[in-house]
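K.L.:
Quick one, fold the following:
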Amino acid sequence: MIWLAHLLGNVLLGALACVWAAFALTFFLRARWEATPIGRSLMAFALVVVMLTGLGVLRQSIGDTPVFAWLRAAALAGAALLSARFLVLLIATQRPERRPPDPPTEM
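P.N.:
Numbers count the residues shown, from 1 in each chain. As a prediction, the model looks like this:
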């Protein structure tokens with residue numbers, strides 16, 4: 001029965017790779033992603049997810065090699081750096097001078 005779980009995981013990984021590839025392509029072609037820092041970061045993150053899921057699908061198809069281990073490490077490093085970038089962008093947009101003032105309270 002474990003083979004069914006493996007098969008389901010492999011099919012879902014392939015579906016995830018296709019959905020993220022479609023997202024990245026659509027975002028690239030139809031959005032002005034390069035116009036803002038968050039747009040550029042989101043595009044880079046989508047490409048890293050496409051790379052990770054694509055590597056997973058490719059590894060299932062042709063087997064494991066040392067090249068895959070290095071490519072996976074590079075993609076995970078990219079995901080970690082981009083996640084840190086998202087955190088910096090979130091903190092920068094949450095600065096007190098950028099938030100609207102609190103509404104007055106009635107006494």
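
K.L.:
Helices of the chain, start to end?
P.N.:
Applying DSSP state H to the chain gives helices spanning 2-30, 37-62, 66-93.

K.L.:
Highest mean neighbour count out of those helices?
P.N.:
Sort the helices of the chain by mean neighbour count, taking mean count of other C-beta atoms under 10 Å, and helix 37-62 sits at the top with a mean of 17. Backbone N, C-alpha and C define where each C-beta goes, glycine included.

K.L.:
list the helices and strands it packs on?
P.N.:
For helix 37-62, the elements it packs on are helix 2-30, helix 66-93, judged by 3 or more C-beta pairs under 8 Å, 6 or more residues apart in numbering; DSSP states H and E.

K.L.:
To Leu42, which of these lies closest?
P.N.:
With C-beta to C-beta as the criterion, Leu42 lies closest to helix 2-30 of the helices and strands packed on helix 37-62, at 7.2 Å.

K.L.:
Any chance of the helices of the chain in TSV with mean pLDDT and distance to Thr105 as columns?
P.N.:
As requested, the helices of the chain are exported to TSV (pLDDT from 0 to 100; distance: least, C-beta to C-beta, whole Å):
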stretch	mean pLDDT	distance to Thr105
helix 2-30	94	42
helix 37-62	88	32
helix 66-93	86	25
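
K.L.:
Got the domain ranges for this structure?
P.N.:
Split into domains by the TED database, the chain comes to 1-30, 33-95.

K.L.:
Any chance of JSON lines for the helices of the chain, columns distance to Asp102?
P.N.:
Compiled in JSON lines, those are given as follows (distance: least, C-beta to C-beta, whole Å):
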{"stretch": "helix 2-30", "distance to Asp102": "35"}
{"stretch": "helix 37-62", "distance to Asp102": "25"}
{"stretch": "helix 66-93", "distance to Asp102": "17"}
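
K.L.:
And the pLDDT for Gln107?
P.N.:
Let me fix one detail, which is that residue 107 is Met and not Gln. Predicted confidence (pLDDT) for Met107: 62.
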